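> just coords:
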């Protein structure tokens with residue numbers, strides 16, 4: 001009888017334990033399900049609060065650039081499109097202030113300090129000189145840069161991940177090797193190219209250091225002339241024309257870009273093909289261009305700027321590299337120089 005009672009008690013305890021276990025299991029399932037729902041709801045609520053914040057006030061942003069030109073316009077257009085994709089539209093919830101340094105690097109620090117002490121929420125810079133200035137002068141505002149050759153040499157940080165805590169943005173290193181490919185296709189037997197740059201621009205120094213090695217490996221002589229201002233571009237091209245070269249190449253140098261018409265005249269007078277680093281320059285003259293899409297770089301930076309305005313910390317946003325190639329060959333200039341455009345470049349022909 002005693003054995004029977006103990007067995008019955010044991011069975012009852014097992015049933016009780018099983019029941020409690022099942023209750024605990026179902027409770028855990030319900031808790032996890034509710035937790036997932038809460039996370040989803042919290043994320044949706046956070047997004048809703050962010051969107052409500054965007055639509056409830058007008059944000060203020062400044063754009064600082066080296067000089068007005070077509071390339072800068074493309075960078076600005078890209079920035080605004082990227083911001084719009086992030087929910088910020090000029091004239092609605094975004095006020096944009098623009099100011100350029102009139103092609104003089106000496107003007108950049110004062111412009112940046114003025115915006116740094118103003119009521120803007122964000123400073124956006126275009127070009128390497130403006131980014132370098134921001135890295136050294138800005139103390140209170142977040143900075144997002146675009147249309148920069150190499151942000152590391154500009155002073156933005158040690159690596160793309162380890163950068164100044166108040167700075168983020170997009171770098172776009174030019175396709176130097178592909179540019180030489182293009183020149184060799186257009187000018188068979190190419191043996192010497194002339195180029196010019198302002199050694200005060202870190203972007204040009206870096207691009208030329210890469211170019212020297214590429215040209216050397218290809219067996220093409222690279223002749224160089226240094227300039228200090230855009231008014232020296234024509235004279236520099238004239239000097240290069242006397243050095244037994246077969247083409248002029250203008251790198252992504254802001255000083256050269258500002259004085260590009262001087263390069264066009266000098267190349268035309270010497271009947272030399274002119275190849276530009278930026279395709280925004282080709283409508284101003286020259287034979288061909290091979291560079292990066294400035295607008296695409298601007299869009300990517302605009303989206304980063306949108307994240308910053310929404311509350312993201314620039315130090316948590318790694319520097320990006322966006323270098324989508326653009327190429328163009330002028331039919332009219334090729335005809336003037338007696339250059340036959342290869343069939344493989346037929347899709348890249350421009351008027």
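Structure received. Keep in mind it's a predicted model, so treat the numbers as computed, not measured. Numbering: from 1, shown residues only.
> where in the stretch 101-250 of the chain is pLDDT low?
For the stretch 101-250 of the chain, not a single residue meets the criterion pLDDT under 70.
> What segments of it are strands?
Assigned by DSSP state E, counting those that start in this stretch, the strands in the stretch 101-250 of the chain fall at 122-126, 143-148, 167-171, 192-197, 221-226, 248-250.
> got the ones you listed as a markdown table, with mean neighbour count columns?
C-betas here are computed from N, CA, C, even on glycine. Formatted as a markdown table, the entries for these read as follows, by neighbours: other CB atoms under 10 Å:
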| stretch | mean neighbour count |
| --- | --- |
| strand 122-126 | 29 |
| strand 143-148 | 31 |
| strand 167-171 | 27 |
| strand 192-197 | 25 |
| strand 221-226 | 16 |
| strand 248-250 | 26 |
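> For the ones you listed, give me TSV that also has distance to residue 89.
Listed next are the strands of the stretch 101-250 of the chain as TSV, based on distance: least, CB to CB, whole Å:
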stretch	distance to residue 89
strand 122-126	15
strand 143-148	17
strand 167-171	21
strand 192-197	38
strand 221-226	43
strand 248-250	35
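> Which of those strands sits closest to residue 267?
If you check each of the strands of the stretch 101-250 of the chain against residue 267 by CB to CB, strand 248-250 wins as the nearest, at 4.9 Å.
> Contacts made by the helix or strand that the closest one is followed by with the rest, please.
Using DSSP states H and E, the helix or strand that follows strand 248-250 towards the C-terminus is helix 254-258. Counting by CB atoms under 8 Å, 6 or more residues apart in numbering, the neighbours of helix 254-258 from elsewhere in the structure are 66-67, 69, 71, 103, 127-129, 196-198, 201, 203-204, 227-230, 233, 250, 263, 278, 281.
> Buried ones among these?
Among those, the ones that count as buried by 16 or more other CB atoms under 10 Å are 66-67, 69, 71, 103, 127-129, 196-198, 201, 203-204, 227, 230, 233, 250, 263, 278, 281.
> Which of those residues fall in helices?
Among these, the members falling in helices (DSSP state H) are 71, 128-129, 203-204, 233, 263.
> Surely residue 187 touches residue 338?
No. Between residue 187 and residue 338 there is no contact, the gap being 11.3 Å when judged by CB atoms under 8 Å.
> about what we covered before: closest one of the ones in helices among the buried ones among the contacts of helix 254-258 to residue 296?
Using CB to CB, residue 71 is the member of those that sits closest to residue 296, with 12.7 Å.
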